[in-house]
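J.: show me the folded form of this:
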Amino acid sequence: MRKRKLVSDINVVPYIDVMLVLLVVFMVSAPLMVQGILLNLPEASNEPLPREQQDPLIISVDSKGQFYLEIQSSQNEPLALIQLSEKISSILKVNPSLQVVVRGDGQVEYQRIISLMSELQNTGVDNVGLITSPSRKSNE
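T.: Numbers count the residues shown, from 1 in each chain. As a prediction, this is how the structure comes out:
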């Protein structure tokens with residue numbers, strides 16, 4: 001009677017198939033995971049500010065002048081200036097050194113941005129940054 005020798009090779013073809021399917025799924029879903037309100041940011045040619053260790057608190061103002069707080073609980077929900085002030089003050093009580101930045105649409109009224117920045121100052125925010133998109137240099 002002849003003994004059979006055991007085959008100790010691992011068949012990796014199914015694992016490669018699974019990995020390729022996962023790669024395609026992540027490639028398709030990654031662009032869909034962009035958060036925030038779609039804005040037409042004004043352009044500026046200044047150097048970016050140094051970024052702190054933790055992510056900043058982002059406040060968006062759309063072209064209609066509505067305010068949005070870019071946090072998980074109220075991500076796409078427009079807020080009144082009073083509601084925004086209350087939420088920011090509660091966040092700053094927990095983390096007073098949090099950096100605050102404003103993303104304002106290029107078409108929004110200047111008065112809305114000034115009102116927001118004034119309210120942020122009254123809330124206790126020491127330093128407010130503004131987010132712009134980098135300017136496109138044209139060959140003239």
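J.: L116 and K87: what is the separation?
T.: As judged by C-beta to C-beta, to the nearest Å, L116 and K87 stand 13 Å apart. For glycine as for every other residue, the C-beta is placed from the backbone atoms N, C-alpha and C.
J.: of those two, which one has the most company?
T.: Neighbour totals were compared for L116 and K87, and L116 leads with 21 against 18 (other C-beta atoms under 10 Å).
J.: where's I82 relative to I58, distance?
T.: Distance from I82 to I58, by C-beta to C-beta: 19 Å.
J.: who's more crowded, those two?
T.: For I82 versus I58, neighbours defined as other C-beta under 10 Å are more numerous around I58 (19 against 9).
J.: where does that one land in three-state SS?
T.: strand (DSSP: H, G, I helix; E, B strand; the rest coil).
J.: residues touching it, list them.
T.: By C-beta atoms under 8 Å, 6 or more residues apart in numbering, the contact list for I58 reads 36, 69-70, 101-103, 131.
J.: so where's the protein uncertain?
T.: Counting by pLDDT under 70, the chain has low-confidence residues at 1, 33-53, 73-75, 135-140.
J.: is it fair to say G129 lies in a helix?
T.: No: counting by three-state DSSP, G129 falls outside a helix, being strand.
J.: check contacts around it.
T.: Counting by C-beta under 8 Å, 6+ apart, G129 has contacts 49, 56, 99-102.
J.: can you tell me which of those are buried?
T.: 99-102 (16 or more other C-beta atoms under 10 Å).
J.: any chance of TSV for the residues you listed, columns distance to L23?
T.: Below are those laid out as TSV (distance: C-beta to C-beta, whole Å):
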residue	distance to L23
Q99	35
V100	37
V101	34
V102	37
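J.: from the residues you listed, which is closest to A30?
T.: V101 (23.7 Å; C-beta to C-beta).
J.: return the set of residues that bridge with the closest one.
T.: Beta-bridge pairing for V101 (DSSP bridges): I58, G129.
J.: that one and L79, how far apart?
T.: For V101 relative to L79 (C-beta to C-beta), the value is 16 Å.
J.: over to D17?
T.: Counting by C-beta to C-beta, the gap from D17 to L79 is 47 Å.
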